[in-house]
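Chemist: Here you go, sequence then predicted model.
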Amino acid sequence: MKRCNDVCCVCVGGEMFRSALGKTLGFVGYTIQYGCVAHCAFEYIGEFVACSGPSMEPTITSHDVVFSERLSRHLCRIENGDIVIAKSPFDPHMNICKRVIGLEGDKVCTSGPSDVFKTHQYVPKGHVWLEGDNLRNSTDSRSYGPVPYALIRGRVCLKLWPLHHVGALNQSPTGRVVKRSD
């Protein structure tokens, strides 16, 4: 009889172990599934970005939160005047937020606002010209040149924070966006 009880205890313990293992594996499976869905959403649909620095003032100021959608980048629908999030040409671990001033083939003014002599440059194929709205306090394509299109992470379409400024973003306050003559 003692032997039968021992076997029964082992059976009950085995069932508890299988049940716990099944629940754990189920939880891990759901976690992986939701992680994959979240990854795909952030990689292909968009992401929330907290901005810092003065280069896009007055359009975007430090601590503003914006939504950057990724579909425009994947569909090659970035246009002049769009605000984009891109990888920094100097530091791949840092993102930058700038306005597209010129697309490939466009002739852009490369001088600063206070320069007496104006210089121009054509944007090469596969590149964009990015500038901050705050021209006097922005490190942008005027410093590092045209930016490869592949460094663009997404197009900023909405400002979400602060709440009293929620909505679509304004046109460039500098008026430096190149108008295409297509």
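Modeler: Yep, it's here.

Chemist: where in the protein is pLDDT low?
Modeler: 1-14, 112-113, 170-182 (pLDDT under 70).

Chemist: which ones are touching the nearest residue to Gly132 once chain neighbours are set aside?
Modeler: Using C-beta to C-beta, 6 or more residues apart in numbering and skipping the chain neighbours, the partner closest in space to Gly132 is Ser138 (2.8 Å). From N, CA and C alone the C-beta is placed, and that goes for glycine too. For Ser138, the contact set (C-beta atoms under 8 Å, 6 or more residues apart in numbering) comprises Pro54, Ser55, Met56, Lys98, Glu131, Gly132.

Chemist: What are the buried residues along stretch 155-164?
Modeler: Across stretch 155-164, burial judged by 16 or more other C-beta atoms under 10 Å covers Arg155, Val156, Cys157, Lys159.

Chemist: which residue ranges form the strands in the chain?
Modeler: Per DSSP state E, the chain carries strands over the ranges 46-50, 65-69, 83-87, 95-103, 107-109, 120-122, 127-131, 147-148, 152-161.

Chemist: Go ahead and confirm Glu79 touches Leu103.
Modeler: Yes - Glu79 lies in contact with Leu103 (C-beta atoms under 8 Å); the separation is 7.5 Å.

Chemist: out of these two, which sits in the busier spot?
Modeler: Leu103 (19 against 11; other C-beta atoms under 10 Å).

Chemist: how close does that one sit to Ile152?
Modeler: Distance from Leu103 to Ile152, counting by C-beta to C-beta, to the nearest Å: 11 Å.

Chemist: Can you pull the residues that touch both of the two?
Modeler: Ile78, Val128.

Chemist: distance of the residue nearest to Gly132 from Arg99?
Modeler: Ser138 is 10 Å from Arg99, by C-beta to C-beta.

Chemist: just Glu79 next, same as before
Modeler: 11 Å.

Chemist: now swap in Asp115 and tell me
Modeler: 19 Å.

Chemist: Which one's more surrounded, these two?
Modeler: Taking neighbours as other C-beta under 10 Å, Asp115 and Arg99 compare with Arg99 leading, 28 against 11.

Chemist: quick one: contacts for that one?
Modeler: Met56, Thr59, Gly81, Asp82, Ile83, Val84, Leu130, Glu131, Gly132, Asp133, Ser172, Val177.

Chemist: any chance of these in JSON lines, with neighbour count and distance to Phe27 too?
Modeler: Formatted as JSON lines, the contacts of Arg99 follow (neighbours: other C-beta atoms under 10 Å; distance: C-beta to C-beta, whole Å):
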{"residue": "Met56", "neighbour count": "26", "distance to Phe27": "42"}
{"residue": "Thr59", "neighbour count": "24", "distance to Phe27": "44"}
{"residue": "Gly81", "neighbour count": "15", "distance to Phe27": "47"}
{"residue": "Asp82", "neighbour count": "19", "distance to Phe27": "42"}
{"residue": "Ile83", "neighbour count": "25", "distance to Phe27": "40"}
{"residue": "Val84", "neighbour count": "24", "distance to Phe27": "39"}
{"residue": "Leu130", "neighbour count": "25", "distance to Phe27": "44"}
{"residue": "Glu131", "neighbour count": "26", "distance to Phe27": "48"}
{"residue": "Gly132", "neighbour count": "26", "distance to Phe27": "46"}
{"residue": "Asp133", "neighbour count": "25", "distance to Phe27": "47"}
{"residue": "Ser172", "neighbour count": "17", "distance to Phe27": "49"}
{"residue": "Val177", "neighbour count": "20", "distance to Phe27": "51"}
